[in-house]
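Trainee: mind folding the following:
(chains A and B)
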Amino acid sequence: MARKIGVYVCHCGSNIAGRVDCPEVARFAGGLKNVAVSRDYQFMCSDPGQDMIIKDIRERGLDRVVVASCSPRLHEKTFQKACARAGLNPYLMQHCCIREHCSWVTPDKDEATLKAKHIVEAAVLRVGRHKELHSREVGVLPDVMVVGAGIAGIQAALDIAKSGHRVILVEKSPSIGGHMAQFDKTFPTLDCAACISTPKMVAVAQEPNIELLTWTEVEDVSGFVGNYTVTVRRKARYVREDICTGCGACLEKCPTKVVSEFEEGLSTRRAIYRNSPQAVPSTPVIDRDHCKMLTKGKCGACQKTCPTGAIDFTMQDRREVYHVGSVVLATGYDTMDPTPMREYGFGRYPEVYTALQFERLNNAVGPTGGKILMKSGEAPKSVAIIHCVGSRDRNYHEYCSRTCCMYALKYDHLIKDKVGHGCEVYNFYIDMRCFGKGYEEFYRRVQDEGVTFVRGRPAEVVQENGKLVVVGEDTLMGVHVRVPVDMVVLCTAMEARPDSTDVARIFGIAQGRDGFFLEEHPKLGPVSTASDGIYLAGTCQGPKDIPDAVAHASGGAAQALALAARGVVSISPTTSWINPDICVGCKVCIGLCPYSAIEFDERRHIAVINEAMCKGCGSCAGYCPSGAAQVKHFRQTQVFSEIDGMLDPLPDLLAPAAEISQTTAQA
Amino acid sequence: MATTARIQIDGQGPVVALQGFFRRLLEDESLSGVMLPVHLFRHGMPMPTLVTRPDQLDRADPLAPAFPMNSAKLVSRLTRGATGERIAVVMRPCEIRAFIELVKLNQGSLEEVILIGMDCPGAFDNAHYKEFLGDREGMAASVQFHASLSNGGLAGGFELAPACRVCEYPSPHGADMVIGLHGADLGSAIPVMATSARGEALLGAMGLPEESPDDRREKALAALTATRVQARDAMMEQVSARTGTLEQLAEYLSGCVNCYNCRVACPVCYCKECVFNTDVFEHKPWQYLGWAKRKGSLKLPTDTVFYHLTRMAHMSTACVGCGQCSNACPNGVEVVELFRTVAARTQAGFDYLPGLSLDQAPPLTVFKEDEFQDTVSHLA
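Mentor: Numbers count the residues shown, from 1 in each chain, chains lettered A, B, ... in the order given. Next up is the predicted model:
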């Protein structure tokens, strides 16, 4: 097959040319079979560089192009577009990398030049096997689903709704607000969490473009970018939202008391409950595991009390299906349970609290009405706050939870403020990380309030003579310390939700090593994921404070809106294809496909790819022994040709390498 | 499932007794046919034959020490798609194991087939079976084969096929019924065991006399398996030593001419079209010349070692060691020895026993997050 291939070797300033003899590589490429023209140039990605390629395609009738420069991640699209402008199908271009794979990692100039020649030869052999491919455009459904209605989900939903697009906001709890609804004050400004979040929660309830589904969980997601079908399970609430006025009469009549999750176990709620009087929606929910009517068929006190007849014990879970163009995941975080860290005594000593419990102690509608009180009902005379519990700890989470230093400072201030300046406050910290806007200033302020900071992670908390004693080392002073206090607050790590793996599977996204959902790029793609049209918002991606979670959420909303506003999305043609003449119907690829993109045609007894859902990952092609399943643009002939070029010993190549490649080629 | 019946052997010998058994089985209304080896010609090769009329069983011979092909592929063809009727198939243990592998790959179904497993003492490869047969009548030769095995071994310098000499699975797994030849006195009776509910129903309906249990079969089987395992380990050690390097492997396979007979004969090589028949290996003339120039000479045909390596990668985890690859090789390449040696490693690597249980999914079809931790621990 006679081809007319153009080869373009980029200097990338001195990035490549500093190690690789680019003119020599171009000269070598010019001698390869089917190469019609080869050039080297300072910056191929510049306009003159691209014009050079375009001119050659037009004037010399090139039918294939090889660009040897940086990573395809950087500029493959650039050169594909240049080819397209010249009328050449963009998939007839092969972009090979002689920078990251060669000049940057090969100190010896001769070796780097030889390596570059190999890489270019591989690309030349491969490109000869390329076939024209065409992307397809599909419509994007205008609606967006936001999963999780904490502060991030609320922000994302409001941003999207403001544009006029409809949002389906799904929340698994009975009401929205997430962890922020549990907080009292927020650092560093000390405005009350309810004061700033309630208006947003109300705005969600009143926004006509937001369909709020509380007490609802996502069960299944199918489809692809722009066209997702989401099945949700609306858990039976046993209280009809359309009739309930939220008067709360039922809450008082219910005889069953259950430990309250919202109050972090510090008090009880009823079997029919809502998290707080400001809850949105204000409709209560009946806990079917504890309600006497639902478990034993006896009681019905709430039903008798309800003035509007909103209680309905016959309600069933039901499934609803939504069709959306994209999904913003804002499923939030959990705080680590410190019970397994026995050294800190949580669960054994009643006056050891988690940070979230301490938030509730401070909250005006919390178990103590906002007073910082011990279980005895008295105010503590001294409090120790232990930072980094489960964070920055190889045994639990290596990462920093990013919020603890700051909320610990907030607690310092609140204790001094509420209990009085006589109350001694000790912070046991590793490093103080006060990096945000106004944070360092707040740290100063709290230091000036007479709070004690001890650098060093405590070894243990013990109980002696009715006091808790924090045992540790002040690493700045180099002395062991034993600090007797009345109350200990553990700044427990933020961690990924226990069901993250299931959620990741449902939405086809990945988790990082820390368990949080993995973004597409740590710096340049912090809200996108590996699945197009699935975006992240807030702490489900990693620990964040409120400002960061809100900013992140707006970013996720912007991505979803960009997709919805354009209305169409281009689907890459580099998907798998199963040759129906070769497929033997073993069905293995169906089980291996992580995107559920393969179906079985029972009539023809073969597997068939749904190209709209296929991401071209190659799991099917990697298994398929006959090669019936192959990914377009990565076909076996293409990859084998590339390997062949890679193994071709150049005349002046180092001897040992040549022997190895000969043996393999002989085989 | 403890039903054990006896096939009484009268003066006409075990082959005729077994014919009688299958004739009786075929009378069961639930069965439309039975597939088993039949001497279609006096001196020819007994071939798997699907018999539907009892009178056609006159030359059936499940005792023949011939193994011209692994019938798993045939049973796959007979069961890929429902007929609405049920058949019985008589198979050697390695044939059943290969068929189970094919069922896992959706290449066959157990729905409409009753597997009748024969205890297998081993068989000859094609060339030696013909030699062994000589001028004798097929069925008579089969009887003599079994008689000499129970009298201390094969005479006349005959040896079982290389695969059979090292086979540690001489009794069937996963069958519905097992015909127990090991330890049986072929002058008096052969026990038949029902080993599934379906097998029990069928066997029970045949009204055969019950066999009183004894441990003769277990003892014979244990002794045979021990010998085989020993032979297998010695064989593998020897093959490993001969194939330690790529160069040694190339020498081991030097007779290969890419006829692909081993692939065609392999029961678990299940592709409709092999990748080696596709354009991937359709090299251009200038490529051959280029490769030759690279090092001054080029062995032809090319890709012979690569072919075997690819086949090992594709199916060594499913290899049941039936030896049909070696049987089919025109140039005496010791294919089965190599494959069994490699398969022992790959199968152990995945903790996989091919063909023994339908519930064990082929290794590369499942993803286990926690496997090979020692291999990937540096990534964690």
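
Trainee: C-alpha from now on. contacts and neighbour counts both.
Mentor: Will do.

Trainee: near chain A, which residues of the stretch 151-300 of chain B?
Mentor: B:246-247, B:250, B:270-275, B:279-280, B:291, B:294-295, B:298-299 (CA under 8 Å from any CA of the partner chain).

Trainee: and A:Asp545, what does it touch?
Mentor: A:Asp545 is in contact with A:Arg402, A:Thr403, counting by CA atoms under 8 Å, 6 or more residues apart in numbering or on different chains.

Trainee: quick one, longest helix in chain B?
Mentor: Ranked by number of residues, the top helix in chain B under DSSP state H is helix B:216-242.

Trainee: buried residues of the helix or strand following it, list them for me.
Mentor: Remark: after helix B:216-242, the chain's next helix or strand is helix B:246-252, criterion DSSP states H and E. By neighbour count with 16 or more other CA atoms under 10 Å in any protein chain shown, helix B:246-252 contains the buried residues B:Leu249, B:Ala250, B:Tyr252.

Trainee: and which of the residues you listed is nearest chain A?
Mentor: B:Ala250 (7.1 Å; CA to the nearest CA).

Trainee: in space, what's closest to that closest one - neighbours in sequence excluded?
Mentor: Spatially, and ignoring its direct neighbours in sequence, B:Ala250 is nearest to B:Val305 (6.2 Å; CA to CA, 6 or more residues apart in numbering or on different chains).

Trainee: dump the helix or strand that that neighbour is a member of to PDB, restricted to CA.
Mentor: Secondary structure here is read from DSSP H and E; on that basis B:Val305 sits in helix B:304-315. What follows is helix B:304-315, C-alpha atoms only, in PDB (Å, rounded to 0.1, in the frame of the first residue of the first chain):
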ATOM      1  CA  THR B 304       5.800 -20.100  15.100                       C
ATOM      2  CA  VAL B 305       7.000 -19.400  18.700                       C
ATOM      3  CA  PHE B 306       4.700 -16.400  18.900                       C
ATOM      4  CA  TYR B 307       1.800 -18.600  17.800                       C
ATOM      5  CA  HIS B 308       2.400 -21.000  20.700                       C
ATOM      6  CA  LEU B 309       3.000 -18.200  23.200                       C
ATOM      7  CA  THR B 310      -0.300 -16.600  22.100                       C
ATOM      8  CA  ARG B 311      -2.200 -19.900  22.500                       C
ATOM      9  CA  MET B 312      -0.700 -20.400  25.900                       C
ATOM     10  CA  ALA B 313      -1.800 -16.900  26.800                       C
ATOM     11  CA  HIS B 314      -5.300 -17.500  25.500                       C
ATOM     12  CA  MET B 315      -6.100 -20.900  26.800                       C
END
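
Trainee: would you mind pulling up the elements that whichever helix or strand comes after it packs against?
Mentor: Under the assignment DSSP H and E, the closest C-terminal helix or strand after helix B:304-315 is helix B:324-328. On a contact count with 3 or more CA pairs under 8 Å, 6 or more residues apart in numbering or on different chains; DSSP states H and E, helix B:324-328 meets helix B:261-265, helix B:335-349.

Trainee: OK, contacts around the residue nearest the centre of chain B?
Mentor: Nearest to the mean C-alpha position of chain B, counting by CA atoms, centre = their mean, stands B:Cys94 at 3.2 Å. Going by CA under 8 Å, 6+ apart, B:Cys94 touches B:Asn70, B:Tyr169, B:Pro172, B:Val320, B:Gly321, B:Cys322.

Trainee: most neighbours of all these, which one?
Mentor: When neighbours are taken as other CA atoms under 10 Å in any protein chain shown, the top entry among the contacts of B:Cys94 is B:Val320 (30 neighbours).

Trainee: you'd agree that one is up against B:Ala98?
Mentor: Yes - assessed by CA atoms under 8 Å, B:Val320 is found in contact with B:Ala98 at 6.2 Å.

Trainee: which neighbours do the two share?
Mentor: Shared contacts of B:Val320 and B:Ala98 (CA under 8 Å, 6+ apart): B:Pro354, B:Gly355.

Trainee: what's the pLDDT at the residue nearest to B:Ala250?
Mentor: pLDDT, B:Val305: 96.

Trainee: correct me, but B:Met177 touches B:Thr195?
Mentor: Yes - contact between B:Met177 and B:Thr195 holds when scored by CA under 8 Å: they sit 5.2 Å apart.

Trainee: between those two, which is the more surrounded one?
Mentor: Just comparing B:Met177 and B:Thr195: by other CA under 10 Å the higher neighbour count belongs to B:Met177, 28 against 23.

Trainee: picking up where we left off before, tell me which strands and helices the longest helix of chain B is in contact with?
Mentor: Using 3+ CA pairs under 8 Å, 6+ apart, the elements in contact with helix B:216-242 are helix B:162-165, helix B:246-252, helix B:335-349.

Trainee: dump these to TSV, plus mean pLDDT and distance to A:Val462.
Mentor: Below are the helices and strands packed on helix B:216-242 laid out as TSV (pLDDT from 0 to 100; distance: least, CA to CA, whole Å):
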stretch	mean pLDDT	distance to A:Val462
helix B:162-165	97	70
helix B:246-252	96	65
helix B:335-349	96	49
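
Trainee: so which of these is the most surrounded?
Mentor: helix B:162-165 (a mean of 22; mean count of other CA atoms under 10 Å in any protein chain shown).

Trainee: returning to what we had before: please give the element, helix or strand, for the residue nearest to the centre of chain B.
Mentor: Here B:Cys94, judged by DSSP H and E, is contained in helix B:93-104.

Trainee: that helix: how far from the chain's middle?
Mentor: Offset of helix B:93-104 from its chain centre (CA atoms, centre = their mean, to the nearest Å): 8 Å.
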